[in-house]
Structure formats: structure tokens, C-alpha cells
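> Would you be able to build a 3D model of this:
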Amino acid sequence: MLDFEKIRKYLLGFGVLLAMSAHLFPIEEEFQFYFLIFIIVLTGIPHGSLDFFVERQSSIDSNQRISIQQFLVKYLFSMICYGIAWWIFPTLSLIAFLIMAAYHFGEIDWPLRSASKLDSALYTIYGFLLIVFILTSHISSAAPILETIVQNKVSATFWLKWGTLLFPYSCFLLALNIFILFYIHSRLGWKKKVAFQFLAQSLLLITIIYWLPLYLSFGYYFGLWHSFISFNLIRKQMKLANDFAGWFFLMKKAIPFTTLAWVGIFFLIIVSSVSETEWLVLSNLFIGIAILTLPHLQVFTKIKFS
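Down below sits the predicted model:
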């Protein structure tokens, strides 16, 4: 976590300013929607477009070789299988995605990640509670999107009812989880400074997420916080300098796969736009990201966090 101290500080500072601005000067929902699309296209998708280079670097470090053809076959096979699952079992696929996202978001937010099963379990629980908090704290906006994602098999009324009921419990459990982790920090190998940093980071993230409307909240957490910290990890994995040249080289490497992803996302948006509802656009965008998440997670677990 100490390696990411500056970038996390900058992102948290920006998040606080964004939350205060949105709280003091309400932003029209249409603008929020376009901001979300823009930020996902600009940073959310590109951070997963470097997976081949992460996989290649991991192979090199393990004295192995992988061709781009092998990588693409494995990557696309995972996407196709998961895409079929979304079509046949949308509700189960949503649950699977939330678990995968909990693991992935948790490991990015986690300080001093180790390969232990205890660490994996703890940051998955933390990530899951954070996702539940995001959804339940914005359930009135999230309910119709969730209904569309599961192909109307679970109604928006159901999501709204249970999301509202679960909100206070999600707050309590997330706060309890954070303070338990702070209390047992020495058993996790964290120094007191790291524990205080994690506590401050978590409390600020919760505040930012709660203050921001759903679209801005998800755009900030996924498109900015998660994506930029992931970019920084990838930069280190590729052994690039932490300067303009290193970051420019990283962005340049992302262009080919990012362009392919943009074409797919653009196609989804065009197809969805005939419904004249933002919910279908967002649900298809969400499902597209979910389908990309499975192979992305398989690659990202190989990255070095130290």
C-alpha cells in the first residue's frame, strides 16, 4: 500500500472534491449518465486491455512463453462461456459476477496483499460488503438496472424492498468489518501506519460513495479509483518507470485491445439505444464488463503486488 500512497491520496482527494461538489450543486441525471459512460470508456475498459502484457510478463518471470494466439483463444473461450451463462442463467451469473468483483475489488483495496488463503478470504469479504453498500445505498437508482440485468426475472420492486431493508445492515457490517481488520492488523502483518492508512482510506471511500449519486459513485469507484490503481500495478509489473514516459508507453500499449473493446461496447450501446431507456444501455454495458471480468481476473491474480 505504501507504494501507492501518492496515487491513492490524489484519487481520494479528488473523490472528496467531487462528492462535495455533487452534494452542494446537484448534477442532472443525464449528465451523470454520460459521465459514467465516458469514464468507463476512457479508463475502466483500457485497464483490462493490458491483460496480455501482464500475462506475458508473468510468463517471462516464470521462464515460460505464451503467444498472443494462445492468450486470445483462452481469453475469448472464457468470455464466450460466461456470456452463454449470462444468457441462460442471468441471476446466477449476476451472483457469480458479484463474488468475482468482490475478490478483485478487495485485492486492489487491500494493503500488503499476500498469497495466503486468509488474506484472500478477508479481502473478498471486504470487497463484497463494499459492493453491497454501493448498491443498497443507491437502491432506488440501482433497482431498475438490476431488474433489466436479470432479464426481468427479479422485479425492481423486489430489489427496492430488500435493498432498503438491507441498507442499515450493510452499513453496520461494513463498518464492523473495517474496525475488526484494524484491530487484528498485527496478525495480518500490517504495521500500525498501514492499518491507519487502510482505516482512513476505507472511511473516505465509504463517504465518497455515499455522497455521490449512483452513476457518479460507480464511475468514481470503478472508473477512477479501481482503474488507476490497477494501471499503477500493471506499470510496475511491466517494469516501467513512474514518469511521463513510463505512463505514456503503458497507455500506448493499451490502444489495440482498448480499440477492440470500444467497438464491442459501442455496438452494445447502439443496439440498446433503440429501447430509449438508459437502463437497458447500462445493463448491457454492465453485462459486457462482467463478461470481460472473468478472464481479466484470471490474469490479474498473477500480478505482483509487492
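> quick one, helices of the stretch 51-200 of the chain?
Assigned by DSSP state H, counting those that start in this stretch, the helices in the stretch 51-200 of the chain fall at 51-61, 68-88, 90-109, 117-137, 139-149, 156-183, 192-211.
> Pick the most deeply packed of the ones you listed.
Ranked by mean neighbour count, the helices of the stretch 51-200 of the chain are led by helix 139-149 with a mean of 21 (mean count of other C-beta atoms under 10 Å). (Each C-beta comes from the backbone N, C-alpha and C, glycine too.)
> Now do that helix: distance to the chain's middle.
Mean-position distance between helix 139-149 and its chain equals 18 Å (C-alpha atoms, centre = their mean, to the nearest Å).
> Could you list every helix and strand in contact with it?
Packing partners of helix 139-149 (3 or more C-beta pairs under 8 Å, 6 or more residues apart in numbering; DSSP states H and E): helix 90-109, helix 156-183, helix 214-218, helix 278-300.
> Which strands and helices lie in contact with the third one?
This points to helix 214-218. helix 29-39, helix 139-149.
> Let's test this: mean pLDDT of it, rounded?
The average pLDDT within helix 214-218 is 91.
> by contact count, what packs against the following helix or strand past it?
Per DSSP states H and E, the first helix or strand lying C-terminal to helix 214-218 is helix 227-237. Applying 3+ C-beta pairs under 8 Å, 6+ apart, one finds that helix 227-237 contacts helix 5-24, helix 51-61, helix 90-109, helix 244-273.
> Low-confidence ranges, the stretch 151-300 of the chain, go.
264-265, 268-282 (pLDDT under 70).
> With distance to Leu233 and mean pLDDT added, can I get the helices and strands packed on helix 214-218 in JSON lines?
Listed next are those as JSON lines, based on distance: least, C-beta to C-beta, whole Å; pLDDT from 0 to 100:
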{"stretch": "helix 29-39", "distance to Leu233": "19", "mean pLDDT": "84"}
{"stretch": "helix 139-149", "distance to Leu233": "28", "mean pLDDT": "88"}
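> of all those, which lies closest to Phe231?
Checking the helices and strands packed on helix 214-218 against Phe231 by C-beta to C-beta gives helix 29-39 as the closest, at 13.5 Å.
> quick one: contacts for Ala96?
Neighbouring residues of Ala96 by C-beta atoms under 8 Å, 6 or more residues apart in numbering: Ala85.
> switch the cut-off to 6 Å
Ala96 makes no contacts at all, as judged by C-beta atoms under 6 Å, 6 or more residues apart in numbering.
> Done for today, thanks.
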